[in-house]
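1. here's my sequence, what's the structure:
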Amino acid sequence: MEKRAIVAAMLMAGLLLVYQFLFVTPQEPKPAPPKAEAPMAPAAAPSPPPPVSSPPPLLPGKELPQVPERSVVVETPLYRAVIGSAGGAIQAWELRYRGDKPMVLPGVISSQGLTVLTPGQAPRVLAFAITGDSLKLGTERPEGELRLVGDDGFGLRVTQVLRFRADSYVVDREIKIENRHRVPLSAGLALNWTAPVERSKDLEETFKGPRPLHVVRLESGAFWARREYLAKAEDAVGAGRWAAFESAMAPVGANGVYLTAVIPGAPDIKVTEARIADPAGNGEKAPKAAEIGVRVTVPALAPGQAWQGRVRSYLGPMEYDRLKALGVGLEKAIYFGGFPFLESWAQKWGVPTIPMEWIVVPTLEFMQWLYKYTRNYGTVIILLTVLIKLVFFPLTVKSMTSMKAMQALQPQINALRSKYKNDAQRIQQETMALYRQHKVNPMGGCLPMVVQIPVFIALYVALSVSAELQNQPFICFGEAPRWLPLLGGQDVWICNLAGADPTYVLPILMGVSMFIQQKITPVMGDPRQAKMMLFMPILFTYFFLSMASGLVLYWTLSNVLQIAQQKYMERHGKTENAPVRAAKKA
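-> Just a heads-up that it's a prediction; the model follows:
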């Protein structure tokens with residue numbers, strides 16, 4: 001049993017170190033071999049739309065109508081946006097989510113606006129006339145829209161209607177194209193977003209918003225979303241469900257909590273992903289930027305005929321319920337992790353792997369339900385820990401009973417080791433026979449730890465990837481004065497449950513509680529091994545120094561409750577029957 005306890009403890013320690021590499025953070029794949037050429041614009045993608053008929057030469061070389069540039073501000077409780085007349089691009093988007101966070105900015109993420117792709121012509125961003133003044137939405141005015149009208153210079157009238165909601169991060173963009181010429185016309189449309197692979201050092205130091213980290217795309221019928229670093233973007237045009245940039249606040253970690261996504265609203269609107277080559281001549285080996293967007297080839301329109309389509313954009317936090325409510329699988333952008341040794345089989349047979357989502361999402365939803373009543377996720381973690389201990393209390397009683405019984409049988413086990421010291425197999429057989437004779441389960445002492453591993457992992461993943469738990473305080477006294485040694489300028493005490501405790505108070509308390517628990521736990525086997533087990537609190541304290549405070553809070557309180565349960569059982573004699581019975585039979 002003592003060896004199994006050591007193995008179980010070391011397994012938990014190993015999980016803390018390697019889980020983020022095996023389960024939460026997908027490893028960056030090896031660089032793909034260089035391709036022949038990289039697309040410089042959406043029209044050069046590997047799978048371009050079918051060619052369209054050239055417009056009649058009635059208006060050759062006609063300049064686009066001169067429309068004064070104009071921008072309109074849209075303010076809601078969730079964000080402040082600036083819409084420009086050039087292509088109807090989102091020029092700025094300041095997210096109001098636990099502080100103001102700019103998400104759209106040249107050099108970070110840029111919206112190119114609606115671009116017309118005409119055969120024989122360079123891609124052109126249309127100039128629109130905006131109808132409507134600035135919008136301010138709220139409880140009194142929950143919805144609003146902007147109307148933009150432009151001309152492609154060849155007889156096509158393009159109209160965009162942008163709709164906003166006060167309670168949503170979604171922008172609905174309805175597009176209408178009318179043929180105002182005397183002959184049939186056709187064209188292509190693109191709506192793209194770009195993010196540079198590398199940002200300038202000046203911008204990196206001064207920008208206070210989320211940084212793009214991954215390009216994410218979900219194909220139709222796929223069980224999981226493709227998720228790669230920006231430098232690993234690929235050239236693709238297909239019937240995808242959506243494409244997005246995943247962003248994280250600095251310091252950029254393994255997972256993002258903000259999303260900039262484009263969602264096609266019709267089957268003929270294709271999702272695109274592209275690598276924009278470095279103009280310095282490095283080509284595919286050093287892409288300048290990654291690009292996502294949508295593209296559509298408008299069928300030939302007879303004079304007076306019109307085509308209509310819809311594209312949605314989402315710019316906001318990656319909250320699971322909010323993303324799932326859109327009904328397009330956007331929640332699959334959240335990478336909860338999976339079991340890597342099964343993913344290759346799942347991809348081979350076309351079935352879903354065993355995702356961590358199955359245990360993380362129910363845990364997160366239960367925590368959100370408790371949060372409605374407590375309004376503090378630290379309190380939620382405390383209630384969750386207490387509830388888990390109550391549910392597993394019968395297992396804890398059985399575990400302590402088993403450990404006490406094995407402690408009572410220890411003299412006989414030591415005698416067997418002395419008797420068959422040269423025959424390890426015989427020692428194992430006789431020991432197991434002794435356990436069966438006294439009805440003692442050698443694995444009973446590890447059972448409570450084993451059954452809590454899924455909860456531990458679920459809470460770890462939730463704190464790592466869930467936007468709902470980012471920057472959530474527990475007991476926060478604010479920022480310490482700059483002149484204070486060690487803590488100057490840092491938050492005191494726990495102002496972010498998803499971040500490490502800057503004071504190290506909570507990890508130290510965890511180590512102390514674990515040491516006390518080790519001391520009062522029944523000692524079995526070689527006393528030297530018991531002394532080795534006392535080293536585990538030091539090892540765990542070191543590991544937990546950089547762990548999320550919410551996870552350390554759960555583990556610390558779990559240790560304290562385990563100590564209380566153990567004292568309660570000893571005081572009321574709930575673990576005495578088995579040892580006494582074992583001793584009498586001996």
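
2. look up phi and psi at L230.
-> phi -60, psi -40 (degrees, to the nearest 10).

3. also the one 3 residues further on?
-> When quoted as degrees, to the nearest 10, the phi and psi of A233 stand at phi -60, psi 150.

4. ok, now which ones touch it?
-> For A233, the contact set (CB atoms under 8 Å, 6 or more residues apart in numbering) comprises V215, E273, A274, R275, P287, A290, E291. In short, each C-beta sits where N, CA and C put it, glycine included.

5. for these, which one is nearest M400?
-> V215 (51.7 Å; CB to CB).

6. and the two most separated of the contacts of A233?
-> E273 and P287 (11.8 Å).

7. so where do the strands sit in the stretch 151-300 of the chain?
-> 156-165, 170-179, 185-196, 211-219, 226-229, 236-238, 240-248, 258-264, 270-276, 289-301 (DSSP state E, counting those that start in this stretch).

8. just list what the longest one packs against, helices and strands only.
-> The one in question is strand 289-301. Packing partners of strand 289-301 (3 or more CB pairs under 8 Å, 6 or more residues apart in numbering; DSSP states H and E): strand 170-179, strand 185-196, strand 211-219, strand 240-248, strand 258-264, strand 270-276, strand 306-317.

9. out of those, which is closest to A300?
-> strand 185-196 (4.4 Å).

10. mean confidence score for the closest one?
-> Model confidence over strand 185-196 averages 89 on the pLDDT scale.

11. now that strand, how far from the centre of its chain.
-> Centre-to-centre, strand 185-196 and its host chain are 28 Å apart (CA atoms, centre = their mean, to the nearest Å).

12. for it, which helices and strands make contact with it?
-> Contacts defined by 3+ CB pairs under 8 Å, 6+ apart place strand 185-196 against strand 110-117, strand 170-179, strand 258-264, strand 270-276, strand 289-301.

13. pick the most buried one from these.
-> The highest average neighbour count among those, using mean count of other CB atoms under 10 Å, belongs to strand 258-264 at a mean of 26.

14. for that strand, which helices and strands make contact with it?
-> Secondary-structure packing of strand 258-264 (3+ CB pairs under 8 Å, 6+ apart): strand 100-104, strand 185-196, strand 211-219, strand 240-248, strand 270-276, strand 289-301, strand 306-317.

15. want to throw these into JSON lines with distance to N471?
-> Formatted as JSON lines, the helices and strands packed on strand 258-264 follow (distance: least, CB to CB, whole Å):
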{"stretch": "strand 100-104", "distance to N471": "11"}
{"stretch": "strand 185-196", "distance to N471": "23"}
{"stretch": "strand 211-219", "distance to N471": "16"}
{"stretch": "strand 240-248", "distance to N471": "12"}
{"stretch": "strand 270-276", "distance to N471": "30"}
{"stretch": "strand 289-301", "distance to N471": "27"}
{"stretch": "strand 306-317", "distance to N471": "11"}
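
16. which one of these lies closest to V161?
-> strand 306-317 (9.6 Å).

17. report the rounded mean pLDDT for the closest one.
-> Here the average pLDDT along strand 306-317 is 93.

18. how far out from the middle of the chain is it?
-> On CA atoms, centre = their mean, the centre of strand 306-317 falls 23 Å from the chain's centre.

19. so for it, what gets flagged as buried?
-> W307, G309, V311, R312, S313, Y314, L315, G316, P317 (16 or more other CB atoms under 10 Å).

20. wait, which of the contacts of A233 is closest to L114?
-> For the contacts of A233, the minimum distance to L114 (CB to CB) is 14.9 Å, reached by E291.

21. could you measure T194 against P106, distance?
-> 10 Å (CB to CB, to the nearest Å).

22. neighbour count for the two, which is higher?
-> T194 (20 against 12; other CB atoms under 10 Å).

23. how close does the more buried one sit to F245?
-> 9 Å.

24. now do the shared contacts for these two.
-> Residues touching both T194 and F245 (CB under 8 Å, 6+ apart): I109, A290.

25. tell me how far the helix ranked longest in the chain lies from the chain's centre.
-> In the chain, with assignment by DSSP state H, the single longest helix is helix 549-571. A distance of 30 Å separates the C-alpha centroid of helix 549-571 from that of its chain, computed with CA atoms, centre = their mean.

26. need the residues touching each of T194 and P106.
-> Between them, T194 and P106 share no contacting residue, judged by CB under 8 Å, 6+ apart.

27. so what pairs up with G238 in the strands?
-> V271 (DSSP bridges).

28. wait, it touches K270, no?
-> Yes. Here G238 reaches K270: they are 6.2 Å apart, a contact under CB atoms under 8 Å.

29. before we move on, the earlier item: would you turn the contacts of A233 into CSV with distance to V505 and pLDDT?
-> Below are those laid out as CSV (distance: CB to CB, whole Å; pLDDT from 0 to 100):
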residue, distance to V505, pLDDT
V215, 40, 92
E273, 46, 92
A274, 49, 91
R275, 47, 88
P287, 45, 71
A290, 42, 91
E291, 47, 92
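
30. quick check, nearest of those residues to I388?
-> For the contacts of A233, the nearest to I388 is V215 (37.9 Å; CB to CB).
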